[in-house]
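Undergrad: Provided below are the primary sequence and the corresponding predicted coordinates.
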Amino acid sequence: MIDFNSVGGAFSLLTSDWSAWIYLIPGLIIGLFFGAMPGISITMAMAIFLPMTLYMDFLPAIIFLTSIYTGAGFGGSVPAVLMNIPGTSSAVATTFDGYPMARSGQHNKALGIALASSVIGTLSSYILLFVLIAPISRVVLKMGPLELFFVAAWGLMLLGSLAGRSLARGLLAGVFGVLLGTVGMNTAGFIRGTMGVPWLLDGVPTIPAMMGLLAASQLLGLINTTYLVEDEASRKISFRQIISGIRQAISYPAIVLRGAVIGILVGAIPGVGSSISNLLSYSETKRNAPDGDTFGQGNPKGVIAAEAANSSSEGGAMATMLALGIPGGGATAILLAAFAMHNIVGGPSFIGHNKDIVYAIIFSNFAQAVLLLIVGLGFVYIAGYVVRVPLRYLIPTILVVSTFGSYAIDGTSSGPITLFVFSLLGWAMVRYGYPVAATVVGLLLGGLLESNLLRTYQVSGGDPAYALERPGALLILAIMVASVTLTAVSKARRRRRTVREMTVREQTPAPKI
Amino acid sequence: MQPGQGRLVVMWGHMALLAVIVGVVVAYWMDARAASLKINNLLLVQPASVLALILVALVVPQCFKRTMPGAGKEVPTESLSDLGKVAALAACFGAFTTTLEIVGFDVATFLFMIAALFICGERRWWLNLPFSAAFTVLLIYGYGALIPFPFPLTVL
């Protein structure tokens, strides 16, 4: 099950070069800082620092970005516990019991529980990935261009249909991204949509476009946001209480394990990820707990369930990204872009031929999880100050840093201009409920979809009956149609229920006071 | 309240976004067709463009909302001054990104920082000016040390 030759190769990769390790702690600290700042998402933090990885070797670059990912996972829970504001969308369920615990003076314990659950969640997800990656690679290597096309289309459709409020808007965001991703010269040599701009021949610059859609657009939207954090963040930190929280989290292995399993499974599905897994794990734990009634009033089990699930989603999302080359959301899309920056194409051939690198990434994540425990413990002491950084300073500084980053990619103004255009597009899309992550993934997969479709067309000679010879492809197509149909039906049902409830509420006479 | 009652609200901003998407999709599709009508060129672009236009047609009705109690959540509710702030920041950001190479990274960054801090709510000039200056110097020298491309500069 485990390819021990590649494991050995991974060890030599990690031990022969110190540069693989020096970015680990800075990455964790950056992730913790940005995750703890309300309004700054994990993807935003990763997008801002993505251009810096251009000048690193491949492995240190990926380790740096995954460290940010890991750090931000726990960072988001700090304002969730201290101020009832989830630092990232994956910490929403942490607020349900974390904040009531803080209100009753148990904020240290809640932070300790969140930290331990995050560490165990991350560890479990990567242990599972470590065990399963070799068999997964054997399966995915059998996939041809048609299967890859359908898998990419399926991932995109899932992302589009599950991430937004409206199915049509979600799919439109994805398809629009795909079209933008095919601008420039295709593999058959045709040039489209460049408008005479020479730098568009290679396509829309992906990294500035991602930074615009995921980071700059959100910053424009944050200008009118104020967080009332002045008083509540300044709670006294007690090391002993945090350690007792860590002990308490370890004393509920079943909840941690359930959260981790939910996190891994949900994280592996494109479009769902940690934003949903924490809520799902919370509700499952509440349903199964004998003291379910006390959830929402400061029950530590609620914090454990939420944090174990959101941090383990990282491993699940990484499995899909590494095995299929399909990013499940913004964070893995950024990792895939980092692959591309180093001229490496993620997906079956990468996992098949570079298992040593994959194992090295997994091992570095074990180290990240362990180090998070130490760095996170130190971080909670300064977290109260971090969460109070005023947005009026944060917004312009991050916009400028992003612009410099987009310029640093090739030293021309194509990066800053793309960043600006896509920040406007992203702001408008977020404002009207379009999932920008679907556009980002479409942008990344556009070229892959087209080249695989072209290869299928060339292999089959344009005969549609060729699909019948590929049962795997047909199976994926059937699952794709079924899953999108199910999503559409469930969304329509939910909308009808909401309308019915509203009608009932309107028809019920208001009580006389 | 019966279905069909309530005030009809048109989300003009959403309509404008859809108009932009339609404009980009149609222009791209036509450009691709002008490049070549061969299947190798249009295999993905043409069906994806058609699908995008169908999806736009499905979304258009969502731009018209009846305002009923509880249904207003989908309609963005920022005030005009809030939107003005976003527009002002976006305009400054646009000017910054397009003139960087012309006026120099140092001058452009310093001016953008002053304007953006003011728009974001920093009204204390004695804080705004030194912060903008210090941040500009730090970034030009700090980032400049990291990347191999020289930033075009005017003053520093």
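TA: Received the coordinates, thanks.
Undergrad: Please count neighbours and contacts with C-alpha atoms only from this point.
TA: Noted.
Undergrad: can you give me the strands for chain A?
TA: Along chain A, counting by DSSP state E, strands occupy A:184-185, A:191-192.
Undergrad: ok, now which ones touch the nearest residue to residue A:138 once chain neighbours are set aside?
TA: Sequence neighbours aside, residue A:352 is the residue nearest to residue A:138 in space, at 7.3 Å (criterion: C-alpha to C-alpha, 6 or more residues apart in numbering or on different chains). Contact partners of residue A:352, counting by C-alpha atoms under 8 Å, 6 or more residues apart in numbering or on different chains, are A:137, A:138, A:141.
Undergrad: and those as JSON lines, adding pLDDT and neighbour count?
TA: What follows is the contacts of residue A:352, written out as JSON lines (pLDDT from 0 to 100; neighbours: other C-alpha atoms under 10 Å in any protein chain shown):
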{"residue": "A:137", "pLDDT": "74", "neighbour count": "21"}
{"residue": "A:138", "pLDDT": "75", "neighbour count": "14"}
{"residue": "A:141", "pLDDT": "72", "neighbour count": "17"}
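Undergrad: how about residue A:316, what does it touch?
TA: Counting by C-alpha under 8 Å, 6+ apart, residue A:316 makes contact with A:125, A:129, A:263, A:264, A:265, A:266, A:267, A:268, A:269.
Undergrad: Pick out the residue closest to the middle of chain B.
TA: By C-alpha atoms, centre = their mean, chain B has its centre lying nearest to residue B:90, at 6.8 Å.
Undergrad: can you put the contacts of residue A:352 in CSV and add distance to residue A:191?
TA: As requested, the contacts of residue A:352 are exported to CSV (distance: C-alpha to C-alpha, whole Å):
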residue, distance to residue A:191
A:137, 35
A:138, 36
A:141, 31
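Undergrad: quick one on the thing from earlier: deepest-packed of the strands of chain A, please.
TA: strand A:191-192 (a mean of 24; mean count of other C-alpha atoms under 10 Å in any protein chain shown).
Undergrad: got a list of what residue 154 touches?
TA: Going with chain A. Contacts of residue A:154 (C-alpha under 8 Å, 6+ apart): A:476, A:477, A:480.
Undergrad: that answer is for a different chain, and I need it for chain B
TA: Residue B:154 sits next to B:103, B:104, B:105, B:106, B:107 when contact means C-alpha under 8 Å, 6+ apart.
Undergrad: Could you save these as TSV and add columns showing distance to chain A?
TA: Output for the contacts of residue B:154, formatted as TSV (distance: C-alpha to the nearest C-alpha, whole Å):
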residue	distance to chain A
B:103	13
B:104	12
B:105	9
B:106	11
B:107	13
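Undergrad: Can you flag which of the residues you listed belong to helices?
TA: Members of these lying in helices (criterion: DSSP state H): B:103, B:105, B:106, B:107.
Undergrad: So which of those residues wins on neighbours?
TA: residue B:105 (24 neighbours; other C-alpha atoms under 10 Å in any protein chain shown).
Undergrad: For it, give me the pLDDT.
TA: Residue B:105 is assigned 92 on the pLDDT scale.
Undergrad: What of the one 5 residues further on?
TA: The predicted local confidence for residue B:110 comes out at a pLDDT of 95.
Undergrad: so it is in which element?
TA: helix B:105-120 (DSSP states H and E).
Undergrad: what do you get for residue B:90?
TA: Residue B:90 belongs to helix B:80-103, assigned by DSSP H and E.
Undergrad: Report the angle between that helix and helix B:105-120.
TA: 170 degrees (axes from the mean of the first three to the mean of the last three C-alpha atoms, to 10 degrees).
Undergrad: Can you give the contact residues for helix B:80-103?
TA: Contacting residues not belonging to helix B:80-103 are listed as A:220-221, A:223-224, A:403, A:413, A:416-417, A:420, A:424, B:108-109, B:112, B:115-116, B:119-120, B:152-154 [C-alpha under 8 Å, 6+ apart].
Undergrad: Can you pull the residues of the stretch 151-300 of chain A lying near chain B?
TA: Counting by C-alpha under 8 Å from any C-alpha of the partner chain, the residues of the stretch 151-300 of chain A close to chain B are A:168-169, A:171-172, A:175-176, A:178-179, A:182, A:186, A:188, A:190-193, A:220-221, A:223-224.
Undergrad: if you set the cut-off to 7 Å instead, what comes out?
TA: Counting by C-alpha under 7 Å from any C-alpha of the partner chain, the residues of the stretch 151-300 of chain A lying close to chain B are A:168-169, A:172, A:175-176, A:179, A:188, A:190-193, A:220, A:223-224.
Undergrad: Next: chain A.
TA: A:168-169, A:172, A:175-176, A:179, A:188, A:190-193, A:220, A:223-224, A:392-393, A:396, A:408, A:411, A:416-417, A:420, A:428, A:431-432, A:450, A:454.
Undergrad: Repeat the analysis, applying 6 Å as the threshold.
TA: A:168, A:172, A:192, A:193, A:220, A:392, A:396, A:411, A:416, A:417, A:450 (C-alpha under 6 Å from any C-alpha of the partner chain).
Undergrad: Residues of chain B that sit close to chain A?
TA: So far as C-alpha under 6 Å from any C-alpha goes, chain B lies against chain A at B:28, B:31, B:32, B:44, B:52, B:55, B:86, B:97, B:116, B:120, B:149.
Undergrad: which non-adjacent residue is nearest the fourth one?
TA: Distance criterion C-alpha to C-alpha, 6+ apart; nearest residue to residue B:44, sequence neighbours excluded, is residue A:450 at 5.9 Å.
Undergrad: Local confidence estimate at residue A:39?
TA: 65.
Undergrad: For chain B, just list every one of the helices.
TA: Secondary structure of chain B by DSSP H: the helices cover B:12-35, B:39-42, B:45-59, B:80-103, B:105-120, B:125-146.
Undergrad: pLDDT below threshold where in chain A?
TA: Across chain A, the ranges flagged by pLDDT under 70 are A:1, A:38-39, A:86-89, A:162-164, A:226-235, A:270-275, A:384-388, A:502, A:505-513.
Undergrad: again, only this time at 50
TA: A:228-230, A:511-513 (pLDDT under 50).
Undergrad: List the contacts of the residue positioned nearest the centre of it.
TA: Nearest to the geometric centre of chain A sits residue A:331, at 3.7 Å (C-alpha atoms, centre = their mean). Residue A:331 is in contact with residue A:43, counting by C-alpha atoms under 6 Å, 6 or more residues apart in numbering or on different chains.
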